[in-house]
Each structure stands twice: as structure tokens, then as C-alpha cells.
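# predicted model and sequence follow; I will ask about them next.
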Amino acid sequence: MTVLPDDGLSLAAEFPDATHEQWQRLVEGVLRKSGKEVSGEAAEAALSTTLEDGLTTRPLYTAPSGADAEARTTGFPGFAPFVRGGTPDGTSTSGWDVRQRIAGSDPVRVNEAALTDLENGTTSLWLTVGRHGFPAADLGRALDGVYLDLAPVALDAGAEFAEAARALLALYAERGVAPEAARAALGIDPLGHEARTGEALDTAPAVELAREAAASWPGVRALTVDALPYHEAGGSAAEELGLSLATGVAYLRTLTEGGLGTEAALGQLEFRYAATADQFLTIAKLRAARRLWARVAEACGAPAAGAQRQHAVTSPVMMTRRDPWVNMLRTTVASMAAGVGGADSVTVLPFDSELGLPDAFARRIARNTSTILLEESHLARVIDPAGGSYYVEQLTDELAHAAWEFFQTVERAGGLPAALRSGLVAERLAATWAARSKKLATRREPITGVSEFPLLSEKPVVREAAPAAPSGSLPRVRRDEAYEALRARSDAHLESTGARPRVFLAALGPAAAHTARATFASNLFQAGGIEPVHDPVSVDAATAAEAYAASGADGVAVLCSSDALYEEQAAEVAAALRGAGASTVFLAGRPGTSAGAVDEYVFAGCDAVAVLSSVLDRMGVAQ
């Protein structure tokens, strides 16, 4: 009988460690089978993925050594550089703060939603006050029955921040809430407001409120560094971080010039970031944000006060208006990443938030998402659970460097106020979004339920209109916007004619020959609201022409089969389809296949938005 070693962990001790070079040789062999003759680092690069900000995701990460290991020291939770968390116990004691956003212009309905949320798992409230919500004078009614010494309140009042902040502080005094018991974020963000609207605000009231909060309200933070305007304008993760640093530094300058000490000024800031369905990028972004802000605090001479207070919000950019139910999955991944990344507060936007005012079911799902992650998945029980992962640590490091570089660009331009007014920020974000839009248009970045696996038969989800959001400067982009415009054209056509625009798919040969390309083409055209009509039995030109004539297609047909059958049949079948009334014949495959037989091609990586828009034009579907 073999006796195991006492430690029970040495089963592989007799086997030598594999080297990086050995792994690369194995990769070379796999790639060679797929027709790629590459070796060494080139083989590894072939399996890598390029991200925004010049970052690359590699297929294999190993432990850093030597100077790299020393340079990437992340410290301990609660200690500079705060990569692993702003407090020693992280959120392990009671979990992250579940902060529910409540929008609406009626304070009575806001109050009903707030009480329901607080009774069912929400731990703090995020209220929209002022011209884009309810009047600041009605704050008391909106918070009627809310125990203000137990439930923190975050405000979003835009230009009316002073009135809203004063109303909340007066409410604390009126209800006898002790100053040390009050917990709030007054949400003052003049630069964020300017980024959204182009309206510059006087910062003197903000400084006055910050000084009052620092002196008399220890649990109240006056200013919010909101990075969402830049995320919603199409910015990348590094740009979002860099602009948040520039905002924070601008506020530190304003507060210290207004009489606050550096540590007191640092204590008046809360940072808000977007959490996306890109799990690891979100985790790395929050960890990098804390590291970067710790560096700013160190440069200001207050390293111990550099723990960044973070509020993560599930990304509005990723939310879709078609098949909005999928948003529940997106927000689940995003909120999990936010919690794992160490956010102090997490807001899960309801799945229907881009359609108007969320209904009770959507709000329930939103707050229960955090509850399940905390109570059933126990995500908060471990501090920085992703820490130590070679991939997460490398991504955090690379993202921090990219963000710092952009932050320095903004500072060289005179700081964020000057960069906003000169157009530098708008131009940079627009360029980033243009590059990403190409990936969305070619479906290199898929959108489930919209550009991939759309369901044309599903009825649109309708919600009551929400108050208008602030606008006037940086745009608000959505991943689904190009496809949403195409689907709107299809909807209008359906309403006016009783049918959606149709395309005929001529599936040539046996199922093994045409299934993959027919499925691809069907998925592609449905993304534009075009209904595919299949012909599962096309075996020759005459049959295909007959099936097309009976299909009700609007002048467009698509050949779907293998390259071998295209060579044999494409020209004849395309001619027969044109004779049956098809004005345009596409081929599902790469250009050059059966050259001259068809008008156009659709293939993986083609500009789907351009193709679909062109097809709708040819079908006579109005813009």
C-alpha cells in the first residue's frame, strides 16, 4: 500500500514544473492544426484579445517575479495603496450597502417606492431631486416614515444641489437625528453637471456645504465624483478612471482653497463608477481606482486619508430596450463584479430602467439581486476574493497605468474644467465610442437579444415615461442604439402594412451543408427587424424560385450552403431567384465565393448595421 506524505499536498512533487516555453510549443501544435504556422510569442499572441485602452488579455498568466513582483505590491485591506479595500474588514461585516435609485417627479410615489425598498432589503436610498426629479421642498414628504438615522440618503440634484442639501440637513435636525448618526451623500458634482449639460455652476455653495459637513456632520460627504457622464458618453474604463481622478483633484483644489485641510477635503468625496457585464474589467477598475486615488492622496501629503469611498452602478450603456429581460443577467454579473471589486455601495438598475419608470417587479428583482449575492452566494464574506489572481492583478496594474496617463493628459491641458470646455474630453470619448461602434456594428461585440438571438415576435415592453435626464453637452450612448433604429423602422413598417419586411433564405443541399450559414443569416437579418423566410427543401434552381415566389419576400434572397455547393449551383439558383422577382441576391459566405453569381455577401465580421440598413432601403422601408 502506498503511503501519502503527511501534508497530503505533494502528489505532483515528483513531476517537474512545466515551463512557459513548453506550453507555447503545445499551443503551436494546436494552431498548426487550424492552419496557422506561428511559434513562440507569436503563438501566444494569436490567442490574445485586444481590449480598449491598449490593453491585451493573454491566454496565460503566471506569477510575477523580481522587480515586477515588488512593483505590484497591493498591500493589505484598509492600508495604502488600498487596492484590496478601503477598510480592514472590507464589506465582510454586513455586506455592501444596497443603494436603490428612485426616480420620479411625484414625492408620494417616491415615498411609496422608498418604503417598499427599505422593507425588502435595500439599505440606502438614491433620490433624484430638482428639475429632473421632485422639488427639493418635497424632500420631507418623499422621506416620510423613513428612519433617517438608519437609512443613508444619497442625493442627485444637479444645479439645485444647495437647495436639496439644505433640505436634507434641515430634515435631520427637524426629526431629531443626531449629527453623528446621519449618513448621507449630498451628491454635489458641479463638474459632472457641466459635463452632462454644458452649464458651469458656482462652487462657493459647494465649498460652504463641505465645510459644514466636515465640521458638524461626520457621516455626511458633500461632493460626489460621478464618472457616469463619461462612461455614458462612450468612454473606456481607463478614460472613466482618468476623468474621475481629474474631477477629484479639481475638487481637492477647490476645497483646500476654500479653507478645508487636505484630510478633511479627502473625506468629503465619494466616487461613483459604472459596473459592466465585463466581470474582470469591472473588478480591476474598482481596484485600480483605489490605487490611483491613494497615489493622489500621497502626493497631497495625506496618504492615510486616501481610502476611496466607492459607489458602483450597473451600466446604463449596456442596458437594452429590446428583450430587456436579458438585462437581469447583465446586472447580476455587473453587481457581482462590483461587490467582488470592493465597492462600498452598489446600485442595481432595474431591467426596464431604459424604457421609463421601472415597475414594482423590476425594482424587486433589482434589490433582490444584491440580496442573493450577499445572503446566498456569500460574496461579501471574503475580502478582495479576486486578489492574488495573476490575471486580475495584471489587469489592475495595466488599467491603472493607462488611466494615470490619460489623467496626466487632462492635467497638462489645464485640468478638467479646461479640458471639458476646450472639447478635449468630448473628442477623446467620441473617438473611443466610434471605435467601439464598429465592433458593435460588425457584431464582434455581441448584444444578446439584439444583435444576437433577437426575438421578433416578442411584444415591446412599455413603461410610464420617466422625467427627462440632464442633457446638453456630452451625449448619452447605448450599445443597442444602431440596432434599435433599425428595429424601429421595422416596427413602423409592421404597423403600416401588417407585416415585417421579409428576406428569403434559399438553403441549398442537405442540412449539413446549409444549417450553419442559414442560422447565421437568419440571426443577422432578425437583428435589423427583417423576418427570414426559410426554404428547407431547396435542391435545385426551379424549386428555389418557386419557394421564393410563395414566400412574400420583399425583393431580397440569400443563398445558404457550403462553398462546394456554391461553386456548383450558386450562379444557376441566383439567376432563377432573379427571374422569380428577387432584385438583390446575397450569399452567406466570404466575398469571392462564386464571384459574379450574386450581388453582395454577408459573413462573420461584415458591417451588419450597414448591410441591414441597405436592405431596408432596398425593400422600401421608410427611415
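Cool, the structure landed.
# measure A550 to A544 for me?
For A550, the distance to A544 equals 11 Å [Cβ to Cβ, to the nearest Å]. Every C-beta, even on glycine, is put in place using the N, C-alpha and C of the backbone.
# more crowded one of the two?
More crowded of A550 and A544, by other Cβ atoms under 10 Å: A544, with 27 against 12.
# quick one: pLDDT of that one?
We have a pLDDT of 91 for A544.
# in contact with it, which residues?
A506, L508, D535, S538, V573, A576, L577 (Cβ atoms under 8 Å, 6 or more residues apart in numbering).
# that one: which element?
Assessed by DSSP states H and E, A544 sits inside helix 541-551.
# can you point out the buried residues in that helix?
Across helix 541-551, burial judged by 16 or more other Cβ atoms under 10 Å covers A541, T543, A544, A545, A547, Y548, S551.
# can you list the low-confidence ranges for the chain?
Across the chain, residues meeting the criterion (pLDDT under 70) sit at 1-13, 65-72, 536-539.
# for the nearest residue to L508 once chain neighbours are set aside, grab phi and psi.
Of all residues not flanking L508 in the chain, S561 sits nearest, at 3.7 Å (Cβ to Cβ, 6 or more residues apart in numbering). Per-residue torsions, S561: phi -170, psi -160 (degrees, to the nearest 10).
# report how many residues lie close to S561.
Neighbours of S561 under the rule other Cβ under 10 Å: 27.
# ok, it touching A511?
No: judged on Cβ atoms under 8 Å, S561 makes no contact with A511 at a distance of 10.5 Å.
# gap between the two ends of stretch 351-363?
Length of stretch 351-363, first residue to last, Cα to Cα, to the nearest Å: 8 Å.
# contacts for that stretch, please.
By Cβ under 8 Å, 6+ apart, stretch 351-363 touches 100, 103-104, 113, 116-117, 316, 319-321, 324-325, 327-328, 331, 350, 365-366, 461-466, 478.
# right, and the helix or strand after the helix holding A544?
Using DSSP H and E, the helix or strand that follows helix 541-551 in sequence is strand 556-560.
# partner strands of that following strand, parallel or antiparallel?
Paired with strand 556-560 in the same sheet, following DSSP bridges, are strand 502-507 (parallel), strand 584-588 (parallel).
# next structured bit after that strand?
helix 563-579.
# quick one: buried residues of that next one?
So for helix 563-579, counting by 16+ other Cβ under 10 Å, buried means L565, Y566, Q569, A570, A571, V573, A574, A576, L577, R578.
# just checking, the second one touches V585?
In this case it means Y566. No: Y566 lies out of contact with V585 (Cβ under 8 Å); the separation is 11.9 Å.
# mutual contacts of the two, please.
Here Y566 and V585 share the contacting residues L559, A597, scored by Cβ under 8 Å, 6+ apart.
# hang on, the earlier thing: quick one: the helix holding A544 to chain centroid distance?
45 Å (Cα atoms, centre = their mean, to the nearest Å).
# packing partners of the longest helix along the chain?
Assignment by DSSP state H gives helix 390-412 as the longest helix of the chain. Here helix 390-412 touches helix 237-257, helix 279-299, helix 424-441, going by 3 or more Cβ pairs under 8 Å, 6 or more residues apart in numbering; DSSP states H and E.
# so can I have a markdown table of those showing mean neighbour count?
A markdown table is the format used below for the helices and strands packed on helix 390-412 (neighbours: other Cβ atoms under 10 Å):
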| stretch | mean neighbour count |
| --- | --- |
| helix 237-257 | 24 |
| helix 279-299 | 24 |
| helix 424-441 | 17 |
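# which of those helices sits closest to A402?
Judged by Cβ to Cβ, the one of the helices and strands packed on helix 390-412 that comes nearest to A402 is helix 237-257, at 3.8 Å.
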